[in-house]
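Q: quick one, fold the following:
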Amino acid sequence: MHNQPRVGGNRTYRESDFFPDGRSERDLPQGTVARGRLREDTYLYTGKVGNNVGLVFPMPVTREVLDRGEQRFNIYCTPCHSALGNARGMIVLRGLKQPTSFHDERLRNAPVGYFFDVITTGFGAMPDYAMQITPEDRWAVIAYIRALQLSQNTSLAQVPEQLRRNLPPAQPAPQTGGTEVTPPRQITAPAERPYLPQEEQQKQQQQKQQQPQQPRPRPR
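A: Purely as a prediction, here's the structure:
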C-alpha cells in the first residue's frame with residue numbers, strides 16, 4: 001500500500017481528470033458519521049433545549065462524576081479560578097484579567113447549561129475548552145463547580161446529620177464591647193559578649209596570615 005497509486009500524488013487538492021468536476025478530493029456521502037461522533041443526545045453535547053440553556057444535568061451526578069470533575073477542574077480551571085473558585089488563581093495573581101467568582105450571586109443562580117456553553121464556546125477573555133475537555137467531562141466539571149458553590153454558601157441546617165456530627169465545634173464570637181489594644185512589642189538589644197583575650201590573639205594571627213609575605217633578599 002505504501003507504493004500504490006493514488007489520486008493527486010503527494011499534493012493535497014491536486015487537480016485530477018478522473019472525476020467530471022476535476023477535483024481529486026471527494027465530499028463525504030450524505031449521512032456519513034465518524035466513529036464515536038453520532039451524538040444522538042443533542043442536550044448532552046450542547047447543553048441547550050432549542051435556543052435556551054438547560055437547567056438540569058443530562059446524567060446522574062454520582063461521586064465518581066464529582067471526582068472526575070474535580071480532577072478536570074484542577075487541571076484546566078484552577079490557574080484562573082483557583083481551587084476554591086473565588087477567582088484568585090495564580091494567573092490572576094500574576095496580573096491577568098480576573099474572572100468572576102463562582103460564588104458571585106449571578107453565577108450561583110446561573111443554570112448549568114450556561115456553564116456548559118461557556119466552557120464550549122468561551123466567554124470574554126476565557127477561551128473555549130471544547131478540544132481539551134470532552135462533553136461528558138464538561139458536565140462533570142459543572143457538577144464540581146456546584147459542589148464548590150454549595151461548600152461556601154450553605155447553612156449548618158443543610159448539612160446532613162451524619163456529616164454534621166464530624167464538624168468541629170463552633171468557635172465563640174469575639175466580644176464587641178470595646179477595642180482591645182495590643183501592647184507594642186518590646187525589642188531589647190542583645191547582650192554584649194565578654195572580652196576574651198584568646199579570641200583577640202586568634203584574630204591577629206588570621207590577619208598576619210592573610211597579609212602578603214614580603215620576598216626575602218637574595219644573598220650576593
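
Q: for this structure, which segments count as helices?
A: 42-46, 63-76, 78-81, 90-93, 105-108, 112-121, 135-152, 161-164, 197-210 (DSSP state H).

Q: list the contacts for the spatially most central residue of the chain?
A: In the chain, the residue lying closest to the centroid (Cα atoms, centre = their mean) is Thr78, at 1.9 Å. Neighbour list for Thr78: Gly89, Met90 [criterion: Cβ atoms under 8 Å, 6 or more residues apart in numbering]. C-beta: built from backbone N, CA, C; applies to glycine.

Q: for Ala170, same thing?
A: By Cβ under 8 Å, 6+ apart, the contact list for Ala170 is empty.

Q: backbone dihedrals for it, please?
A: For Ala170, the backbone dihedrals (degrees, to the nearest 10) come out as phi -70, psi 140.

Q: next one: it from Gln162, what distance?
A: Here Ala170 is placed at a distance of 18 Å from Gln162 (Cβ to Cβ, to the nearest Å).

Q: once you drop chain neighbours, what's closest to Gln132?
A: Spatial nearest neighbour of Gln132, excluding adjacent residues (Cβ to Cβ, 6 or more residues apart in numbering): Tyr76 at 6.1 Å.

Q: hmm, I typed the wrong one, I wanted Phe115.
A: The nearest residue in space to Phe115 (Cβ to Cβ, 6+ apart) is Ile142, at 4.6 Å.
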